[in-house]
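Colleague: Just the structure for this:
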Amino acid sequence: MWAIYFDQDGAEPRDVRAARRRGLRIGPLRDGVMAVSGNLLAEVGAQLQLVLDCLNNPRVDGAAATGPCFEPAFAGGADAGTVDEPDPALLAAADTRTRTQKQHDAFATMLSKVAASGALPTSGGAAPTLVVSVREDDVMAGRGYAHISGLDEPVSLGVARHIACAGAVQRIVHDDAGRIVSISTLDRVFNHHQRRAIGLRDGGCLIPGCQVPAEWCEIHHVQEHSRGGPTHTDNGVLLCWHHHRTIDTGGWKIRMNRGVPEVRGPSWWDASQRWRAATTSPTRMRERVARRT
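Modeller: Next up, the predicted model:
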């Protein structure tokens, strides 16, 4: 800092050198990951860090937030008439990701939201769309590979399932020679009215301890659309990018009970393995407090 302030040439030469060094490099896909490196200008890096911190909720580690604060609440199960207060230690232990992993997942959320915002230039007459292709036989068998446009190396079938859950599915049928016989699109994307209603009901990511707000969440079909699950508010819940991607492997379970989402955590989080109605919606939580008092 002393060297900067005593530099007789001022800040302008540093800006020129920084502008020449700016850049972003994305490496090829290897072993399921793509290396990213480069140099960001000061204001670009600061803006990126600000959004990453916003999504990763830095107040968990920092000073206490002012004003009312609603922690995730759980309604008692069918065998209990009380409301269970969550253990703060368990909530803190619910997320085992490293800081760099959290920033990666927040960056993935940013990209998906920007691509769907409609503010970017169109590509081929449509918004920038990530196209993932997979054989129907592989989907039905539950094993195999998928392919992402622009990448030479295939990805796992789980990647295709995650992307398809939050996006549209187009079924293309070929004959034996490769001619396109039919094209059909399944209506499986929640519209903005449904999304707003689900956001008011759930408040944010449904997994306890996760505080990603509703605006940055994806909507997960509790009953898979491929298994007959409808695109209805009674079958959709909010999940952040990370929990949506790991919902089948992270130990968390979700079900709908008469239109109300319930979660069951892994055994290390809840030894009783009870289903609990969860929400971070301020309106619903105020209603619970009113009933208790």
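
Colleague: Now the residue nearest the centre of the chain. Nearest residue, chain neighbours left out?
Modeller: Nearest to the geometric centre of the chain sits Trp241, at 1.4 Å (CA atoms, centre = their mean). Once flanking residues are discounted, Trp241 sits nearest to Thr109: 4.5 Å by CB to CB, 6 or more residues apart in numbering. From N, CA and C alone the C-beta is placed, and that goes for glycine too.

Colleague: send the alpha carbons of the helix or strand where that neighbour lies over as PDB?
Modeller: Secondary structure assignment for Thr109, by DSSP states H and E: helix 99-116. Output of helix 99-116 as PDB, limited to C-alpha atoms (Å, rounded to 0.1, in the frame of the first residue of the first chain):
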ATOM      1  CA  ARG A  99     -15.100 -22.500   0.800                       C
ATOM      2  CA  THR A 100     -13.900 -23.100  -2.700                       C
ATOM      3  CA  GLN A 101     -16.700 -25.700  -3.300                       C
ATOM      4  CA  LYS A 102     -19.300 -23.200  -2.000                       C
ATOM      5  CA  GLN A 103     -18.000 -20.500  -4.400                       C
ATOM      6  CA  HIS A 104     -18.100 -23.000  -7.300                       C
ATOM      7  CA  ASP A 105     -21.700 -23.800  -6.600                       C
ATOM      8  CA  ALA A 106     -22.600 -20.100  -6.200                       C
ATOM      9  CA  PHE A 107     -20.900 -19.400  -9.500                       C
ATOM     10  CA  ALA A 108     -23.000 -22.200 -11.100                       C
ATOM     11  CA  THR A 109     -26.100 -20.600  -9.700                       C
ATOM     12  CA  MET A 110     -25.100 -17.200 -11.200                       C
ATOM     13  CA  LEU A 111     -24.500 -18.700 -14.600                       C
ATOM     14  CA  SER A 112     -27.900 -20.400 -14.700                       C
ATOM     15  CA  LYS A 113     -29.800 -17.300 -13.600                       C
ATOM     16  CA  VAL A 114     -28.000 -15.000 -16.000                       C
ATOM     17  CA  ALA A 115     -28.600 -17.400 -18.900                       C
ATOM     18  CA  ALA A 116     -32.300 -17.600 -18.100                       C
END
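
Colleague: Can you point out the buried residues in the helix or strand following that helix?
Modeller: Downstream of helix 99-116, the next assigned helix or strand under DSSP H and E is strand 132-134. In terms of neighbour count (16 or more other CB atoms under 10 Å), strand 132-134 has its buried residues at 132, 134.

Colleague: so how far is the helix or strand following strand 132-134 from its chain's centroid?
Modeller: Next helix or strand after strand 132-134 toward the C-terminus (DSSP H and E): helix 136-141. Put simply, helix 136-141 sits 25 Å off its chain's centre (CA atoms, centre = their mean, to the nearest Å).

Colleague: coming back round to it: and the residue nearest to the centre of the chain, what pLDDT?
Modeller: Note for Trp241: predicted pLDDT of 89.

Colleague: Would you check that it makes contact with Asp105?
Modeller: Yes: judged on CB atoms under 8 Å, Trp241 makes contact with Asp105 at a distance of 5.3 Å.

Colleague: Name the spans of the stretch 101-250 of the chain whose pLDDT lies under the cut-off.
Modeller: Along the stretch 101-250 of the chain, segments meeting pLDDT under 70 span 122-127, 185-188, 226.

Colleague: which stretches of it form strands?
Modeller: For the stretch 101-250 of the chain, the strands defined by DSSP state E, counting those that start in this stretch cover 132-134, 145-148, 155-156, 169-174, 180-186, 218-221, 236-239.
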